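**Student:** build me a model:
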Amino acid sequence: MNEEEINEMIIKCPVCFVEGKAKSIMRELEIPHFGKVLETTIQCPECGFRHSDIIALEQNDPAKYVIEINKSNLTVRVVRSQSATVSIPEVGIKVEPGPKSEGYVTNVEGMLNRFEDAVKKALNLFDDAESQENAKNTLKKIQDLKEGNETATLIILDPFGQSNIVSDSAEILEIPEEELKDLKTGFSHIEEN
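**Tutor:** Numbers count the residues shown, from 1 in each chain. Take a look at the predicted model:
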């Protein structure tokens, strides 16, 4: 990572509203596989509020990244931008970006762990037997993938092309126009009449 520019200022805290206590730090960085990003941090010593975010500053062509999950590639690096949709169709799981989506760098097993954690949280919310059974079956499929007993397809759809699966066995494909128009980005849009 190369730090290029740091901008610091003292601001009013957005939580406790104390003037002149919170510090806002912005810096432009070059991150491998992401490109140029703006890292922002707000910290308030008065109330303890802290918020960090990474905003991509570059846009590439839309891309679909695909890799078969198997026991030999659980350590393959995966870069997911804040605007990407991630799915494993054989398991029936899909995560679309929302307004608070964040990008991250992990590996294939880390992606499986993220899905597993989300399904475990959802399992606690389900009351009906059918939903409980579906969640348990999904957890079993994820565990089988992590143990190398099954294979499935990891797909990342990124309308801004900022994600990546760093492997020679990964495919990088174009996203068809009809699929691209329905793809969520996590950003809100205001349309004028």
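**Student:** report the contact partners of residue 155.
**Tutor:** Counting by C-beta atoms under 8 Å, 6 or more residues apart in numbering, residue 155 touches 64-66, 86-89. Yep, even glycine has a C-beta here, placed from its N, CA and C like the rest.
**Student:** at 7 Å what do you get?
**Tutor:** Residue 155 is in contact with 64, 66, 87, 89, counting by C-beta atoms under 7 Å, 6 or more residues apart in numbering.
**Student:** and the contacts of stretch 47-64?
**Tutor:** 13, 15-16, 34-43, 81, 102-103, 155, 157-162, 172-173, 175, 180.
**Student:** so among those residues, which ones count as buried?
**Tutor:** 13, 34-35, 37, 39, 42, 81, 103, 155, 157-162, 175 (16 or more other C-beta atoms under 10 Å).
**Student:** what about the helix ranked longest in the chain, average pLDDT?
**Tutor:** Ranked by number of residues, the top helix in the chain under DSSP state H is helix 129-146. For helix 129-146, the mean per-residue pLDDT is 94.
**Student:** rewinding a little: ranking the contacts of residue 155 by neighbours, who comes first?
**Tutor:** residue 64 (20 neighbours; other C-beta atoms under 10 Å).
**Student:** for the residue lying closest to that residue once chain neighbours are set aside, give its distance to residue 81.
**Tutor:** Nearest residue to residue 64, sequence neighbours excluded (C-beta to C-beta, 6 or more residues apart in numbering): residue 173, at 4.4 Å. Separation of residue 173 from residue 81 (C-beta to C-beta, to the nearest Å): 16 Å.
**Student:** pretty sure residue 164 sits against residue 81.
**Tutor:** No. Taking contacts as C-beta atoms under 7 Å, residue 164 lies outside contact range of residue 81: 8.8 Å.
**Student:** which neighbours do those two share?
**Tutor:** Joint contacts of residue 164 and residue 81 (C-beta under 7 Å, 6+ apart) do not exist.
**Student:** so residue 71 sits right up against residue 150, yeah?
**Tutor:** No. Using C-beta under 7 Å, residue 71 is not in contact with residue 150, being 9.4 Å away.
**Student:** tell me which of these two has more neighbours.
**Tutor:** For residue 71 versus residue 150, the count of surrounding residues by other C-beta under 10 Å is larger for residue 150: 17 against 12.
**Student:** give me the neighbour count for the closest residue to residue 90 other than its chain neighbours.
**Tutor:** Nearest non-adjacent residue to residue 90, counting by C-beta to C-beta, 6+ apart: residue 152, 4.0 Å away. Using other C-beta under 10 Å, residue 152 is surrounded by 18 other residues.
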